[in-house]
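S.K.: Dropping the sequence and predicted coords here.
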Amino acid sequence: MDYLNHDGCIGRLFYDLASSCQYLHPQRGRTCVYQRNPWQPNEMGYMTVVEVPYSHDDNTSHTFHLLSKKSRTLSRVRSVGCTISIVNNRGRVKTNWVACKPYVWVWGHKPGDVDDAVQILNDANREHMNTCGCHLPR
């Protein structure tokens, strides 16, 4: 129940629950589910979770490439109508590493927009991993 301590893990919990219940939370697009926003309870929309690269050498998640102005990842995600929250111990939302792995929570009002945002994030992760040598968590 660490998910319920109002930390960043609640986004992953809501996504995991909704994705396991296809009749109450229909899956739309390729990657998202229709669900209530855990941080804005009166808002309904489409959400998904994207893993972030992880370095086994120093035991840290890598999110700086998603926030860098040079990569323009954040502005590209916003341009397709989505928002993201990066959830890790150094990111924008603090979380308990025991309760959940670091991730990017993606939110939008159209399933296609969320799919586009996921593609942007996956491309940014892939490009970063090619230059860094880190990997997605298993």
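M.R.: Yep, that arrived.
S.K.: L74 touches L67, doesn't it?
M.R.: Yes. L74 lies in contact with L67 (C-beta atoms under 8 Å); the separation is 6.3 Å. Every residue, glycine included, has its C-beta placed from N, CA and C.
S.K.: in what helix or strand does the nearest residue to V77 once chain neighbours are set aside lie?
M.R.: Using C-beta to C-beta, 6 or more residues apart in numbering and skipping residues adjacent in sequence, the residue nearest V77 is A117, 4.7 Å away. According to DSSP states H and E, A117 maps onto helix 111-132.
S.K.: by contact count, what packs against that helix?
M.R.: strand 32-36, strand 44-51, helix 64-67, helix 73-79, strand 82-87, strand 103-108 (3 or more C-beta pairs under 8 Å, 6 or more residues apart in numbering; DSSP states H and E).
S.K.: what about 10 Å?
M.R.: strand 27-28, strand 32-36, strand 44-51, helix 64-67, helix 73-79, strand 82-87, strand 103-108 (3 or more C-beta pairs under 10 Å, 6 or more residues apart in numbering; DSSP states H and E).
S.K.: who wins for proximity to A18 among those?
M.R.: The closest of the helices and strands packed on helix 111-132 to A18 is strand 32-36. By C-beta to C-beta, the value is 4.1 Å.
S.K.: what lines up beside the closest one in the sheet?
M.R.: strand 27-28 (antiparallel), strand 44-51 (antiparallel) (DSSP bridges).
S.K.: Can you say which of those is packed in most?
M.R.: strand 44-51 (a mean of 21; mean count of other C-beta atoms under 10 Å).
S.K.: what is the mean pLDDT for the helix or strand following it?
M.R.: Of the helices and strands lying after strand 44-51 in sequence (DSSP H and E), the nearest is strand 54-55. Average pLDDT, strand 54-55: 79.
S.K.: Figure out how far strand 54-55 is from the centre of its chain.
M.R.: Here strand 54-55 shows a centroid-to-chain-centroid distance of 16 Å under the convention C-alpha atoms, centre = their mean, to the nearest Å.
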